[in-house]
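[1] Sequence plus predicted model, see below.
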Amino acid sequence: MIVDKINQYLYENELIIDEAIYYEIQKIAGATFKRQFMENKEKDGTGKIWFSQVGKCARQLAYQYHGVEKQGKEIDGRAKLIFWTGDLIELTIVGLAQLAGVVITGTGLQQIRKEIPINGGSISGRPDGVVFADDGNYLLEVKSMSSFRFREFEKGIIDETYLAQINIGMHALHLDKCVIVGYNKDNGVMHEIIKEKDENILQQARENVMSVLHSTPESLPEPAYKANDKGHYPWQCLYCAWWGHCRKNAEKVLVGKSYKLREKEEAA
């Protein structure tokens, strides 16, 4: 649907001049660079939940929603570079798809912002776009990933939190299908998958969000993850900005060549 057309466009090298696409990429890339590297204040997430978060640990979301001070993983320079390159990859793939003749709306400077009310609160999102095809309209999602994740993606394996995000996006735009374009950051290979809306995933996402909306700083949802038999927590906990509140008896330790979050051993 998209990848084949982009590859054909690049292979044939019959380049198209489109000043509108060029202008949008210039403007958005500049704004993204400024946001990541020229603005000191991190966006405050108090009272907000985004489409990209609906499948994440409810306790993590509650800490953010209630404005609890962070005590854990902070956004550093490396993370900002990852976000920047991810935005650039999305811009590039969407722009190339448009040059290749794919009809896409709700992207770039016309990106759609949606709000979904849920039990007195709401969730917000900016879907990557909508693809118009002969067999109907599709939510567009562009995802850059490592070689390991890309190999899984080629097998149809998609992270549950991402499935929650795309299902909320489809629901918000009244769509039943989503085309996900995956991009391997290590070798430039692309692959796409079509996913249909799953009401079970959508309901789980709603329940996850409602558990946050019904919580208080004194009464938080249960965490989504537990330590294994060695006392190690999964990477989601290590990369959480609030693990210091949630895992008061844990510490960051070097295991082999990577860091892990581990329960402190009790003194003898």
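    In hand now; what should we look at?
[2] Might you list the low-confidence residue ranges for this structure?
    Applying pLDDT under 70 to the predicted model, the residue ranges of the chain that meet it are 41-44, 266-268.
[3] Tell me where the stretch 151-268 of the chain has helices.
    With helices called from DSSP state H, counting those that start in this stretch, the stretch 151-268 of the chain shows them at 160-172, 199-213, 235-238, 243-246.
[4] could you check the angle helix 199-213 makes with the first one?
    So the one you mean is helix 160-172. What separates the directions of helix 160-172 and helix 199-213 is an angle of 100 degrees, with axes from the mean of the first three to the mean of the last three CA atoms, to 10 degrees.
[5] Point out the other helices and strands that helix 160-172 packs with.
    Under the contact criterion of 3 or more CB pairs under 8 Å, 6 or more residues apart in numbering; DSSP states H and E, helix 160-172 touches strand 114-118, strand 121-125, strand 136-145, strand 177-184, helix 199-213. In short, each C-beta sits where N, CA and C put it, glycine included.
[6] tell me the angle the longest one makes with strand 114-118.
    With the same axes, to 10 degrees applied, the angle from helix 199-213 to strand 114-118 works out at 70 degrees.
[7] if I look at Ala172, how far off is Gln165?
    Ala172 sits 11 Å away from Gln165 when distances are taken as CB to CB, to the nearest Å.
[8] who's more crowded, these two?
    Comparing Ala172 with Gln165 by other CB atoms under 10 Å, the one with more neighbours is Gln165, at 25 against 19.
[9] Report the residue ranges of every domain in the chain.
    For the chain, automatic domain parsing gives the domain ranges 3-213, 232-263.
[10] Now do the same contact list for the residue nearest the centre of the chain.
    Per CA atoms, centre = their mean, the C-alpha nearest to the average position across the chain is that of Ser52, at 4.7 Å. Each residue near Ser52 by CB atoms under 8 Å, 6 or more residues apart in numbering is listed here: 125, 165.
[11] and stretch 128-135, how far from the chain's centre?
    Using CA atoms, centre = their mean, to the nearest Å, the mean C-alpha position of stretch 128-135 is found 20 Å from that of the whole chain.
[12] Show the end-to-end separation of stretch 219-238, please.
    Terminal residues of stretch 219-238 are spaced 22 Å apart (CA to CA, to the nearest Å).
[13] Show me which positions of it end up buried.
    Buried residues in stretch 219-238, defined by neighbour count with 16 or more other CB atoms under 10 Å: 220-221, 223-225, 232-233, 236-238.
[14] The helix or strand where Lys34 lies: what's the following helix or strand?
    Assessed by DSSP states H and E, Lys34 sits inside helix 19-37. Stepping forward along the backbone from helix 19-37, the first helix or strand reached (DSSP H and E) is helix 58-65.
[15] tilt between that following helix and helix 199-213?
    Relative orientation of helix 58-65 with respect to helix 199-213: 50 degrees, computed using the same axes, to 10 degrees.
[16] roughly how far out does helix 58-65 sit from the chain middle?
    Going by CA atoms, centre = their mean, the spacing between the C-alpha centre of helix 58-65 and its chain's C-alpha centre is 16 Å.
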